[in-house]
Each structure stands twice: as C-alpha cells, then as structure tokens.
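*Asks:* sequence first, then the predicted structure:
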Amino acid sequence: MPAVSKGDGMRGLAVFISDIRNCKSKEAEIKRINKELANIRSKFKGDKALDGYSKKKYVCKLLFIFLLGHDIDFGHMEAVNLLSSNRYTEKQIGYLFISVLVNSSSELIRLINNAVKNDLGSRNPAFTGLALHCIANVGSREMAEAFAGEIPKILVAGDAMDSVKQSAALCLLRLYRTSPDLVPMGDWTSRVVHLLNDQHLGVVTAAASLITTLAQKNPEEFKTSVSLAVSRLSRIVTSASTDLQDYTYYFVPAPWLSVKLLRLLQCYPPPEDPAVRGRLTECLETILNKAQEPPKSKKVQHSNAKNAVLFEAISLIIHHDSEPNLLVRACNQLGQFLQHRETNLRYLALESMCALASSEFSHEAVKTHIETVISALKTERDVSVRQRAVDLLYAMCDRSNAQQIVAEMLSYLETADYSIREEIVLKVAILAEKYAVDYTWYVDTILNLIRIAGDYVSEEVWYRVIQIVINRDDVQGYAAKTVFEALQAPACHENLVKVGGYILGEFGNLIAGDPRSSPLTQFHLLHSKFHLCSVPTRALLLSTYIKFVNLFPEVKGTIQDVLRSDSQLKNADVELQQRAVEYLRLSTVASTDILATVLEEMPPFPERESSILAKLKKKKGPSTVTDLEEAKRERSADVNGGPEPAPSSTSAASTPSPSADLLGLGAAPPVPTGPPPSAGGLLVDVFSDSPSAVAPLAPGSEDNFARFVCKNNGVLFENQLLQIGLKSEFRQNLGRMFIFYGNKTSTQFLSFTPTLICSDDLQANLSLQTKPVDPTVDGGAQVQQAVNIECVSDFTEAPVLNIQFRYGGTFQNVSVKLPITLNKFFQPTEMASQDFFQRWKQLSNPQQEVQNIFKAKHPMDTEITKAKIIGFGSALLEEVDPNPANFVGAGIIHTKTTQIGCLLRLEPNLQAQMYRLTLRTSRETVSQRLCELLSEQF
C-alpha cells in the first residue's frame, strides 16, 4: 500500500476526534456532532468547489460519526466522486465510505459499478486492489452480476501482481458464497488450480480457500487440485521453520495454509495414484511425529498452531478411513489429549475420537480409553466436554462393553445437566435395545431409566419397551413381575404407571398365581395411582381395567363399581367419559366368549427401525455424532446375538417405493400366518418379503441418465436408504465400470442383489460381465461391483440396473438405467478443414445424415457447449467451419465388428435460442442414436 504523505494527516479530522473524546456528557457529544454535520453540509452545498483533500476529510468525518452510531443521510455522492480521484488516499476513503454505508439497493450502485469497473482495468495494482476489496465488502447480487465474469480473468492473468491475485481469489470466494449461480465455471477453473503451485504463499492460501469452496459443489472440475495440494503440503510439512520465515508462526511453518490444504483434501477420496497417496501418507505421518516432539516454545500460540494442523490432519485420516496404521496412531495421539490440562484440547480430542470410533480399523483402539472417558464424564467441570464424553461412550459402545457403558450413563444421569438429560435417555434406550442379549437386563434398564429421569423419557421410549415385551414371550412374565414391584414405590413417575398399566393389562395373569400379586392386589395398586395421573394415562388405565375383567372374572364387580362411579360416567373429559360408558356396557352385555375375543392379547408388532433412533437423529440434526452411528460398521451380522427368524410364507401385499420412509411407515403391513416367531433380535425384521418382479424405473432416473452421457463419474441414484455411484473408463470398444452401493442407514441390507437386465437385442450387441457382491451391506458401509463392457455392434437401448434387498422388514426394489451409451465408444479424431469437408460430402446420402432443430433447454454458453461436445467423445475441431460460432466435431465409434466414422456440426442461433444439430455417419442407426443423445444435452 502506498505510504500516506505528510499532507494527508487531516488535522481537522484529528481535532474533531479529540473534541468528541473530550466531551463530558452524551449531550455535549451530540451537540458537537450536530455542529460538525451542519458545517459539512454547508461545505458540500456551498458555491465554492471542494478540492479532493477537503472532500476526503469531510467524508472521513461522516464515516467516523456513522461509526459512533449516528445516522448519515448525505455525503454519499461526494464519496462516489472520490472514487474517480487519481490519489490513492482519496480513492481509499471513498471506497471505505461506500463499503460501510452504501447498501445494495442504493440508487448509486450503477455509478459505483462504473468506477469499480474502471479501477479493475487500471494498471495500478493498488487501485485494482481497492476495487476488489469494495466488491467483496459489499458483496451484493448486483455487483456479482456485474463483475463475476471479470474477476476470474484477473485471478488467472499472467501479469497480475501477487497482492491482486490474492484479493481476486478472496473476492471471487465472497461472490460465490453470496451468489453461487452467478459465478460461471469455465476455462479459468483449470488454471486457478495451478495457483496452488504459486511461489507466493499468500496467493496459495487465498487460492486454497477458493478451491475448497468450489470443489465442494463441483468436485469433478477441481479433482486435479489433489496432487497439487499434496505436493504443496509435503513441501510445507518437511520444511524447517526457518525456510518459510514470512509465513512461520511461532515455529510452525504456514499453519493456516496447511489447515486449508488438509481441508481441501477432505473433499475427495484417497488419491488413486500410488505415488501421490504415498506422499500424502508420509505428510500425515510427519505431522503425527511432530506432535510427539517437545514444544519449541512455551507460548500458547505455538501449541495452538501446532494442534490446529494436527487436528485437521486427523480429520483427513478419519475422512479417508483407509490406513489402519494412521487411524490407530491418531487414536493414540488423541488419547494423550484426553488428560491434557487445556479444556479445549480435551473437548476436541473427545469430538475427534467419536469419529474414529465409527471406523472398523480404529474402533478397538478407541475402546482402550473407556476408563479415561468415564472419568471425564464424572469429573469434568465444563458441561460441553461432558456432553462430548457421552457422545464418545455412545459411539464406542458394542456388545462387549454395553452393560458397563449403560451403567455409567445411568449413574451419570442422576446428576447430569438438565440440558442434556433427554439426549442421554435416548442414547441409553438405544444402546440397551441394540445390544441386549439378556432381555431381563433390557427391561431393568428401561425401568431404571424411567425411575431416574422419568420427565425426560419420551413416548417413543416407553412405546418401544412395550413393543419389545409383547414381541418376546420369554420376557413377558419377568416384565410383569418387575413393573408390579416398581409400582409399589410410594412415588412413581407417570411414565412408569403407563408402562405398568399396559404390561399388567396384557400379562398380569402370568404373575396372578402369587398371593402377593393377586388380581385384586394388581388392580388396587394401579388404581391407587389413578387420581394422580393426567388424562391420557387415566384413559390407558381404564383400558387396563377392562382387560382385567377378561383376565380375572373375580374382580369384575370391583371394576364395574369404579366404571359406574360419577367421577367416571360424568367426567368432564369426553374421552374418559366415553371409555367409562363403553367399557361398563361391554362388561355388562357381552358374553365371556365375545369379551375374550374383543379383549384378547395384542398381536406382535411388525419390527422396523427403532423409533427412538429416529427421534435421536431428529433431535441432534444432520452432521452430528448420531450420523457417526449411521456410518458405524457393525462388528457382527446380528447385534443382538439371536438367530434370524425364518421367513414367513406370506409376502406383503405391495412393494414400497425406493423413497419409502426410514421407519417403514409407508409400507403395507405384512399379513402373518401361524404363530408369531419368538426368536430373533430386536433390530431385525420379523416378517420377510419374497422377491418380486423388477420395479419400474426410479423417479428422476431418466434425468440422471442424460447427465452421464457426457461424463463418466458421479452419483447415479440416491434416496434415504441407498446411494449408487459410478466410475467408468472406455477405450475403443472396451470399457470398465465400477458401481458403488452405499448404505446410508445404520441398519444392514440383507439379501442385497444387484442385477443387470438387457433385452435380447441389447445382449446381442453389448457384452456385460459382472462380479457378484456381498449379499450383506452393513450400515454406513459401501460395496463395489466391477462391470466389464464390450461393444459388439452399435446399439440404441441401455441396460437396466435392478437392486433388490431387505431393509428393516421391508423388501426394497430399485431400478435405474445404467448410462452405457453408444458415444462411450467414441475415439476423437483430429482433421484439417479440407479433410473434414471432403469426408462430409462423401457422407451425403439421405440415409447417412440425421438433422435435428430444437429449442435450447439450458443457457447457450460457448465454453459449456465445447465441454459437452468433448465430453460426448468426439474431437472438437477449431477453425474448420466458416462460421466461427458453429461447433464441428469428428470421431470414430469402435465396435468389435466394425469402425464407424462420425462427423457432427452444431449451429447455435442465439437470437432464437435454437440449435441445429447435423450428424453424418456411414450407418443410419448410429446417426439417429448419436443425434438423440447429443440433442438432450443442450
């Protein structure tokens, strides 16, 4: 920045600021400000024209007054005039005033944009920098529309100074964050990646921030940044602190840039190139090694910078989840931080270990720190650290330590902060259900949970325990005995009364033989709680009483007296009154057989994903520790240790759509035959569906198919349960495609069967060979299937990928079109203008040419059109067509039996927003198919 000359000191401004500071009262300050405002207004309106210095001084005073909290309603035009000054200090004050006081709806925006445009094109880098700062500070949509196309040119210009590149990168980042739809992707995207190799680390730091944000939305366009980021990171990590003196912070070389590069690498999977991958692994090992070295400074800034790089490196290791050695080392390093005296480090260590617990490679290593985490739960003063400790215990829990962790959580629950009690209750309920091998322990745990924190036990929790007791014959008697004993306490939480009322109403007969729990004793025990409960609980107890009439005829008279009492028949609540009247009449009129039929035991509930887990996800929101549970690899096929029930002979009436909700509520209930199964885990399905016919194509399948015509990699299909990704490569008439199936839930997919379906005609022309995949896909896991492809002859159809599997008791059936199209076997061919038109004339038969005139579906952008033609597979021939606006391409379709030369010509009409596409090949069917495929892209 240019030095401020002596005459720019603005003595008048200094005097005014001094006067304000010397004011003894608020009234005196306002009086002085009003006097100054009147003086400035008279100067601006006076006949005498003000010079640049005076304008700058008065505008600066207005800015100071505004910053003191007073409204400014004039001086904007004078500030805009300062933008046209050739003096840096005057221009700087003008831009500063505009950045602070002018909003995006101001009428002056057009004038400001003109001045900004002039400075962007200035040869003075200081002026260009001021303009870029102004655009970034205002960041309005109008400015984005005006300059989003100009700033990338400044960024990648070869003659731009480092400071200008730095400002341009940050300015473009600001515009992309505020108006991403206005920042065009083009040639500059491939060039901006190479800024990571820039000699100036300031430029690299700014570029890294920009590329990271862009790569999150457009990963394919910036995937070349991975190798460059690894290379730059390697140079930083292996350098001594003296090598990067200007960018070394307390003996840590370029910590901010290191963090940004590590964050950029988290946008991508592990590098495929062995050399790049090895270099990255070496970098991460070096960072972990440096964390073990004694500190080079005792100042907190040194440890903060060093740990910032370390934690970001650990985040990358967790993201890649592919190097067992690094994952275990990261876990050990975090374990050392769990007992660090610095609270922030303990918090971050717990948070990172939650993510490590979801990896199959490091889960066991995380479990070794269980005692330390339990100690943190009991002794930490900061509630946020205790909450992270709860999250980590939840994440590290498995069948081997479930009882210990649940016991510790219950113990902590008695003294836990009110803000996290509900979350702990949900987690205890989920763990007790998920890892219950002995269901008496599960019942004890949930009743203990209600006793300790009944106010925080949601309906989902006590609903779930009732579902499980009803579905398991072996625990019903124990549950009835346990709730009976729990209800004898002088003070019972209402949720315990609900559970007790429901279970005794269904299974009270199992304990009625004991004189201590006779039918009359059960009734009196429940009725003693009746008057203390809310209306919904009273309604439930009335239902229990009528169930007792069926189970225990000896208490029928006592219950009828209660139902006949005025407090019930004349109750102010219509629900209670109606139940009392109907139940009394039912008990009086109905015969024993009818009563037994109406009031028989509840049938088993159809199993589905736990509703408690769904509630926890909803409470925590996306991208939290609950999502780590979804990503967690189950260490065994059946977490509950029980055998899977045999499939029922009756299948469900309908097959739900691929977008069925996670709880399975949208599915038609299965019709059971015979007695309900008594064995099986809690989280596996009780009924199974027999495979059905191939489902129709999933919604949006055609649109996704069209997007893959000009690209080979990406996500082909995604719903709440399943994600299908593709990665493919083609050479001549051969190709290989990798299909990735990702389980987005925490529940296993069973009988997972992907099938490729081809018509008879397609089978004759396209050879597909697939490798089988594992029939079980764990929650949060991904499996890969390789497909070898050979084009025997030209074809028009596309194969269909059908996936069938069972999830949470529901049969899922998904079909999508697999994007294997004729253009994938294109080999681009370069041709001179003379050769092209000579060949064009040779293919002049009507059968060899197909032409299509169609309306543009997307904005007619030249660079995007070029990219799509190249992505389609043909060579883009420059300077061949006499009309430079037209696009010309050439290539050869390779099949096993023949080679087919192809020429194409695309003529855009910008005024009419129309295209004319002409294709000429030696085979009519090929011309027709290529024309159909390419027309859909524009």
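*Replies:* Right, received. Where do you want to start?
*Asks:* let me know the secondary structure of residue 802.
*Replies:* Using DSSP: H, G, I helix; E, B strand; the rest coil, the three-state assignment for residue 802 comes out as strand.
*Asks:* tell me what it is bridged to.
*Replies:* Taking DSSP bridges as the rule, residue 802 bridges to residue 755, residue 815.
*Asks:* so what's it up against?
*Replies:* By CB atoms under 8 Å, 6 or more residues apart in numbering, the contact set of residue 802 is 694-695, 754-757, 813-815. Just so you know, the C-beta spots here come from the backbone N, C-alpha and C atoms, and that holds for glycine as well.
*Asks:* and for residue 20?
*Replies:* By CB under 8 Å, 6+ apart, residue 20 lies in contact with 29, 32-33, 68.
*Asks:* any idea how far residue 202 is from the residue lying closest to residue 173 once chain neighbours are set aside?
*Replies:* Spatial nearest neighbour of residue 173, chain neighbours left out: residue 210 (4.6 Å); criterion: CB to CB, 6 or more residues apart in numbering. For residue 210, the distance to residue 202 equals 13 Å [CB to CB, to the nearest Å].
*Asks:* now the helices: where do they sit in the stretch 651-800 of the chain?
*Replies:* 701-707, 760-765 (DSSP state H, counting those that start in this stretch).
*Asks:* looking at the ones you listed, which has the lowest confidence?
*Replies:* Among the helices of the stretch 651-800 of the chain, helix 701-707 has the lowest mean pLDDT, at a mean of 80.
*Asks:* got the CA coordinates for that one in CSV?
*Replies:* Backbone C-alpha positions of helix 701-707 (Å, rounded to 0.1, in the frame of the first residue of the first chain) are rendered in CSV as follows:
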residue,chain,number,x,y,z
SER,A,701,-33.7,-42.0,-13.5
GLU,A,702,-34.0,-40.6,-17.0
ASP,A,703,-32.6,-37.2,-15.9
ASN,A,704,-29.7,-38.8,-14.2
PHE,A,705,-29.1,-41.0,-17.2
ALA,A,706,-28.9,-37.9,-19.5
ARG,A,707,-26.4,-36.2,-17.2
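*Asks:* chain center to it: distance?
*Replies:* From the chain centre to the centre of helix 701-707 is a distance of 22 Å (CA atoms, centre = their mean, to the nearest Å).
*Asks:* can you check stretch 824-839 too?
*Replies:* On the basis of CA atoms, centre = their mean, stretch 824-839 sits 44 Å off its chain's mean C-alpha point.
*Asks:* before we move on, what about stretch 885-899?
*Replies:* Centroid separation for stretch 885-899 versus its chain: 40 Å, with CA atoms, centre = their mean.
*Asks:* same deal with stretch 510-521?
*Replies:* For stretch 510-521 - counting by CA atoms, centre = their mean - the centre lies 54 Å from the chain centre.
*Asks:* next: stretch 306-319.
*Replies:* Taking CA atoms, centre = their mean, one finds stretch 306-319 lying 20 Å from the centre of the chain it belongs to.
*Asks:* mean confidence score for it?
*Replies:* Stretch 306-319 shows a mean pLDDT of 92.
*Asks:* ok, stretch 212-232 next?
*Replies:* In this model, stretch 212-232 has an average pLDDT of 89.
*Asks:* same question, stretch 714-730
*Replies:* Rounded mean pLDDT across stretch 714-730 is 85.
*Asks:* only the buried residues of it, if you could.
*Replies:* By 16 or more other CB atoms under 10 Å, the buried positions in stretch 714-730 come out as 716-719, 721-726, 728, 730.
*Asks:* can I have it written out in PDB, keeping just the CAs?
*Replies:* C-alpha atoms of stretch 714-730 as PDB (Å, rounded to 0.1, in the frame of the first residue of the first chain):
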ATOM      1  CA  GLY A 714     -20.700 -39.200 -10.300                       C
ATOM      2  CA  VAL A 715     -23.800 -40.200  -8.300                       C
ATOM      3  CA  LEU A 716     -26.400 -42.000 -10.400                       C
ATOM      4  CA  PHE A 717     -29.100 -42.500  -7.800                       C
ATOM      5  CA  GLU A 718     -29.800 -41.500  -4.200                       C
ATOM      6  CA  ASN A 719     -32.700 -41.900  -1.800                       C
ATOM      7  CA  GLN A 720     -33.000 -42.100   2.000                       C
ATOM      8  CA  LEU A 721     -31.600 -45.600   2.100                       C
ATOM      9  CA  LEU A 722     -29.200 -46.100  -0.800                       C
ATOM     10  CA  GLN A 723     -26.700 -44.200  -2.900                       C
ATOM     11  CA  ILE A 724     -25.400 -45.500  -6.200                       C
ATOM     12  CA  GLY A 725     -22.200 -44.000  -7.600                       C
ATOM     13  CA  LEU A 726     -20.400 -44.700 -10.800                       C
ATOM     14  CA  LYS A 727     -16.800 -44.500 -12.000                       C
ATOM     15  CA  SER A 728     -16.000 -45.700 -15.600                       C
ATOM     16  CA  GLU A 729     -13.500 -45.600 -18.300                       C
ATOM     17  CA  PHE A 730     -13.700 -46.600 -22.000                       C
END
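*Asks:* which residues sit against it?
*Replies:* For stretch 714-730, the external contacting residues (CB under 8 Å, 6+ apart) are 220, 658-662, 698, 700-701, 704, 707-708, 712-713, 735-745, 749, 789, 801, 803, 807, 812, 814, 816, 818-819, 824-825.
*Asks:* just the buried residues from those, in ChimeraX please.
*Replies:* In ChimeraX syntax, the buried subset of the contacts of stretch 714-730 is picked out as below (16+ other CB under 10 Å):
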select :658,660,662,698,701,704,708,712,735,737,739,741,742,743,744,745,749,789,801,803,807,812,814,816,818,819,824,825
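*Asks:* the bottom helix or strand of this structure by mean pLDDT?
*Replies:* Within the chain, confidence by mean pLDDT, DSSP states H and E is lowest for helix 625-631 among all helices and strands, at a mean of 42.
*Asks:* I figured residue 701 hits residue 816, correct?
*Replies:* Yes - if you go by CB atoms under 8 Å, residue 701 and residue 816 touch, sitting 4.7 Å apart.
*Asks:* surely residue 488 and residue 525 touch.
*Replies:* Yes - counting by CB under 8 Å, residue 488 does reach residue 525; the two are 6.7 Å apart.
*Asks:* okay, those two: which has more neighbours?
*Replies:* Each of residue 488 and residue 525 has its neighbours counted (other CB atoms under 10 Å); residue 525 has more, 16 against 12.
*Asks:* out of the contacts of residue 20, grab the one that's most surrounded.
*Replies:* Highest count within the contacts of residue 20 by other CB under 10 Å belongs to residue 33, 19 neighbours.
*Asks:* list the buried residues of the helix or strand where that residue lies.
*Replies:* According to DSSP states H and E, residue 33 maps onto helix 26-45. By neighbour count on 16+ other CB under 10 Å, the buried set for helix 26-45 is 29, 33, 36-37, 40, 44.
*Asks:* which other helices and strands contact that helix?
*Replies:* In terms of contacts (3 or more CB pairs under 8 Å, 6 or more residues apart in numbering; DSSP states H and E), helix 26-45 is packed against helix 11-22, helix 52-67.
*Asks:* and residue 530, what are its phi and psi?
*Replies:* Recorded main-chain torsions at residue 530 are phi -60, psi -50, according to degrees, to the nearest 10.
*Asks:* my error: substitute residue 922 in the last question.
*Replies:* Dihedral angles of residue 922 (phi, psi; degrees, to the nearest 10) stand at phi -80, psi 0.
*Asks:* same question for stretch 294-310: list its buried residues.
*Replies:* 302-310.
*Asks:* secondary structure and distance to residue 136 added to those residues, as JSON lines?
*Replies:* Listed next are the buried residues of stretch 294-310 as JSON lines, based on DSSP: H, G, I helix; E, B strand; the rest coil; distance: CB to CB, whole Å:
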{"residue": "302", "secondary structure": "helix", "distance to residue 136": "31"}
{"residue": "303", "secondary structure": "helix", "distance to residue 136": "32"}
{"residue": "304", "secondary structure": "helix", "distance to residue 136": "27"}
{"residue": "305", "secondary structure": "helix", "distance to residue 136": "26"}
{"residue": "306", "secondary structure": "helix", "distance to residue 136": "31"}
{"residue": "307", "secondary structure": "helix", "distance to residue 136": "30"}
{"residue": "308", "secondary structure": "helix", "distance to residue 136": "25"}
{"residue": "309", "secondary structure": "helix", "distance to residue 136": "27"}
{"residue": "310", "secondary structure": "helix", "distance to residue 136": "31"}
